[in-house]
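[1] Need a 3D model of the sequence below.
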Amino acid sequence: MNRFLLLSLTLLLATASLAYAQKVPITTTSDAARTHYVQGEHATGNVDFERARTHFAAALAADPDFAMAHLYSAVLSGGDQRAEHMRQATANAARASEAERQMIESYAANERDDHDREGTLLATVAERFPSDPMPMFWWANTEANRGNNAEAVAAARRSLTADPSFAPAYNLIGYAEVARGDMAAAEQAFREYIRLAPDEANPYDSFGEFYLNQGKLDEAEAQYEMALTKNARFENARTMLARVALERSDLRFEQAVADGDADAIAALYTPNAIALPPDSPPVQGRDAIRDLFAGYIEAGIDGVDIQTVEVNRFDDIAIRRSDIVISAGGQVVDLAKSLEVWRLADGEWLYVRDMWNSNGTSETASAR
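    From the prediction side, this is the model:
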């Protein structure tokens, strides 16, 4: 090895050591635990919580006293598990570095809503380790959860100053910009997230949600399908694909009401579906459901606006809660809510059960 090559290698190692020194230490007795921790932290940032939990569990199997692995496990858990992992993180903090102890203390401050203390601790860690994006990213998440979206964007951008390749920061910026109403900035952030993490599922899932909330169903569907090509187990994308299909059905329902077409409404139900209208016995089967809605149309109902509140998917079954605005003659006559069960049959999502009732905002009978 000539002296010029030796000098180059020495400088490279020195640079690498400096970069490592500028990040929060990872204190563990096990190389395997360290590897799993790094992978778990990456998965957490990209909202793949199932993969993250697997890695942190493996890290703790290799080193049960690994304080930061307990901390992340607490963040990703609930109830008694969260409390136990937090107890273990605190109990083992003495074995960790000062910065790790401050990270653990910052999360404890968050849990007791002492956000001034939390922010002070995370800022201290960030200043000491300027190449580590995580302290400011943690703070950005806290600000976003508190609804302080401008502050969340600022903290996320500080994490990008620490590491311009830190993709999860763009995800947080995207959602915070949506909350602030700046859709152009949000779209740019989501595109940057995809650019920096093209092999993760969550960037596409987030971009899908961005489109979905604007009613751009085709664009949303394409992003959710891309997410599943990256990770077939990414459940949120599967659920949101069902939501896209349900909202396409809503458009057909709304158009059928406007057209006075009870047959088209009934076609959105399975042959043996049951509708549970307010103040009336249940009706079963497409013919009965068609007659039910024909009666509402004859009574003057000519407009329905359906807005999804939440969707849960269980393989080929979906359960949805919706809000409904009902109109007659161009005037709103009722506000209602519904709880629905849907089934995927031959590639099409159809109502299996449909129950709705009024919010009590109008004397006019609700129809949907």
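
[2] drop to CA atoms for contacts and neighbour counts, all remaining ones
    Will do.

[3] Check which helices and strands the longest helix seen in the chain sits against.
    Counting by DSSP state H, the longest helix found in the chain is helix 235-259. Counting by 3 or more Cα pairs under 8 Å, 6 or more residues apart in numbering; DSSP states H and E, the packing neighbours recorded for helix 235-259 are helix 202-212, helix 217-230, helix 262-266, strand 301-314, strand 348-358.

[4] helices or strands up against the fourth one?
    In terms of contacts (3+ Cα pairs under 8 Å, 6+ apart), strand 301-314 is packed against helix 235-259, strand 317-328.

[5] now these as CSV including mean pLDDT and mean neighbour count?
    CSV is the format used below for these (pLDDT from 0 to 100; neighbours: other Cα atoms under 10 Å):
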stretch, mean pLDDT, mean neighbour count
helix 235-259, 97, 19
strand 317-328, 97, 19
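
[6] Now distance to A273 too, for these, in CSV please.
    Converted to CSV, these look like this (distance: least, Cα to Cα, whole Å):
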stretch, distance to A273
helix 235-259, 16
strand 317-328, 14
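
[7] Let me know which of those is the nearest to N213.
    helix 235-259 (10.4 Å; Cα to Cα).

[8] ok, residues contacting the closest one?
    Counting contacts by Cα atoms under 8 Å, 6 or more residues apart in numbering, the residues outside helix 235-259 that touch it are 205, 212, 217, 220-221, 224-225, 227-228, 262, 264-265, 268, 297, 301-306, 308, 311-313, 318, 348-349.

[9] I'd like to know which of those are buried.
    Using 16 or more other Cα atoms under 10 Å as the burial test, the contacts of helix 235-259 include 205, 212, 217, 220-221, 224-225, 227-228, 262, 264-265, 268, 297, 301-306, 308, 311-313, 318, 349 as buried.

[10] following the helix or strand bottoming out on mean pLDDT in the chain, which helix or strand shows up next?
    Ranked by mean pLDDT, DSSP states H and E, the weakest helix or strand in the chain is helix 3-21, scoring a mean of 38. Next along the chain after helix 3-21, taking DSSP states H and E as the criterion, comes helix 31-45.

[11] What is the helix or strand hosting V153 packed up against?
    Secondary structure from DSSP H and E places V153 in helix 149-162. If you count contacts as 3+ Cα pairs under 8 Å, 6+ apart, helix 149-162 packs onto helix 134-145, helix 168-180.

[12] which residues of the stretch 201-350 of the chain score low on pLDDT?
    Applying pLDDT under 70 to the stretch 201-350 of the chain flags no residue at all.

[13] Quick one: residues contacting the closest residue to M134 other than its chain neighbours.
    Nearest non-adjacent residue to M134, counting by Cα to Cα, 6 or more residues apart in numbering: S159, 6.8 Å away. Contacts for S159 (Cα under 8 Å, 6+ apart) come out as 132-137, 166, 169.

[14] Check S159 and give its pLDDT.
    S159 is assigned 95 on the pLDDT scale.

[15] Could you check how far it is from R321?
    Applying Cα to Cα, to the nearest Å, the value for S159 to R321 is 37 Å.

[16] cool, and A242?
    13 Å.

[17] One more: R243?
    Taking Cα to Cα, one finds R243 at 11 Å from R321.

[18] any residues in contact with both of those two?
    Counting by Cα under 8 Å, 6+ apart, the residues touching both R243 and R321 are V311.

[19] orientation of the helix holding V153 relative to helix 168-180 in degrees?
    160 degrees (axes from the mean of the first three to the mean of the last three Cα atoms, to 10 degrees).

[20] Can you give me the buried ones in helix 149-162?
    Quick answer for helix 149-162 (16+ other Cα under 10 Å): 149-162.

[21] Next, format the residues you listed as JSON lines and append distance to G45.
    As requested, the buried residues of helix 149-162 are exported to JSON lines (distance: Cα to Cα, whole Å):
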{"residue": "N149", "distance to G45": "18"}
{"residue": "A150", "distance to G45": "20"}
{"residue": "E151", "distance to G45": "19"}
{"residue": "A152", "distance to G45": "15"}
{"residue": "V153", "distance to G45": "16"}
{"residue": "A154", "distance to G45": "18"}
{"residue": "A155", "distance to G45": "15"}
{"residue": "A156", "distance to G45": "12"}
{"residue": "R157", "distance to G45": "15"}
{"residue": "R158", "distance to G45": "16"}
{"residue": "S159", "distance to G45": "12"}
{"residue": "L160", "distance to G45": "13"}
{"residue": "T161", "distance to G45": "17"}
{"residue": "A162", "distance to G45": "15"}
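
[22] of all these, which comes closest to A184?
    For the buried residues of helix 149-162, with A184 as the reference and Cα to Cα as the criterion, the closest is V153, at 14.4 Å.

[23] Can you give the distance from the helix holding V153 to the centre of its chain?
    Once both centres are worked out by Cα atoms, centre = their mean, to the nearest Å, helix 149-162 turns out to sit 19 Å from its chain's centre.
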